[in-house]
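Trainee: Provide a 3D model corresponding to the input given below.
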Amino acid sequence: MYFSFSKGIALLILFNCFSALVNAEETTLSTAVTFNVQPQQCVTLRQGRNCFATISIQWQKQTETTLCLYQVNKQLPNSEKQLVCWSEKNKGQISVEFESSDNLTYQLRTLKDERLVAESEVVVSWVHENTTRRRRWRLF
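Mentor: Next up is the predicted model:
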């Protein structure tokens, strides 16, 4: 009797875990957002110089919602900047002028509670390292 009772408890726990997992998958599928940032890399000639590019950002969601796009420099505190908000839309698109020597992160958040929905980082790379050595020319 004790053995079959513990089997029943184990099956009940397993069933509850499985149903919770299925519900979690349904929730994430219904709130899934496609977030695309292009290009994801900006290349400058020397390290430490600003990189310039036009970034194309697109998002799409199955249900209509109000979302805002933020630009965040994670190396500087309090550097987030709200770029645009879309009210009750299921997709959005914008072109942003990128000018920075640091990596910047673009975040898509809800307007009401500023919950992070998606994010992507644009990485700044360089061709030549910044050298502190000066070149001196001597004639003799």
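Trainee: Give me the local confidence score for the residue nearest the centre of the chain.
Mentor: The centre of the chain sits closest to residue 119, judged by Cα atoms, centre = their mean, with a distance of 1.2 Å. pLDDT recorded at residue 119 is 93.
Trainee: Next, count neighbours for the residue nearest to it when sequence neighbours are not counted.
Mentor: Leaving aside its chain neighbours, residue 119 sits nearest to residue 107 (4.4 Å; criterion: Cβ to Cβ, 6 or more residues apart in numbering). Where you see a C-beta, it was placed from the backbone N, CA and C, and this is true even at glycine. By other Cβ atoms under 10 Å, 20 other residues sit near residue 107.
Trainee: avg pLDDT for the longest strand along the chain?
Mentor: Ranked by residue count and defined by DSSP state E, the top strand of the chain is strand 51-72. Mean pLDDT, taken over the full extent of strand 51-72, equals 94.
Trainee: Check which helices and strands the very next helix or strand once past it sits against.
Mentor: Using DSSP states H and E, the helix or strand that follows strand 51-72 in sequence is strand 81-100. If contacts are counted by 3 or more Cβ pairs under 8 Å, 6 or more residues apart in numbering; DSSP states H and E, strand 81-100 sits against strand 51-72.
Trainee: Could you tell me which residues within the strand it packs on count as buried?
Mentor: Across strand 51-72, burial judged by 16 or more other Cβ atoms under 10 Å covers 51, 53, 55, 57, 59, 61, 65, 67-72.
Trainee: Could you identify the most distant pair in those residues?
Mentor: 51 and 65 (32.2 Å; Cβ to Cβ).
Trainee: ok, now which ones touch the residue nearest to residue 119?
Mentor: 69-70, 72, 80, 116, 118-119 (Cβ atoms under 8 Å, 6 or more residues apart in numbering).
Trainee: Please parse this protein into its domains.
Mentor: 1-30, 33-128 (automatic domain parsing).
Trainee: Out of these, the one nearest residue 136 is which?
Mentor: domain 33-128 (19.1 Å).
Trainee: From the contact counts, what lies against the helix or strand hosting residue 117?
Mentor: Secondary structure from DSSP H and E places residue 117 in strand 116-128. Helices and strands touching strand 116-128, by 3+ Cβ pairs under 8 Å, 6+ apart, are strand 33-38, strand 41-46, strand 51-72, strand 104-110.
Trainee: Alright, that wraps it up for me.
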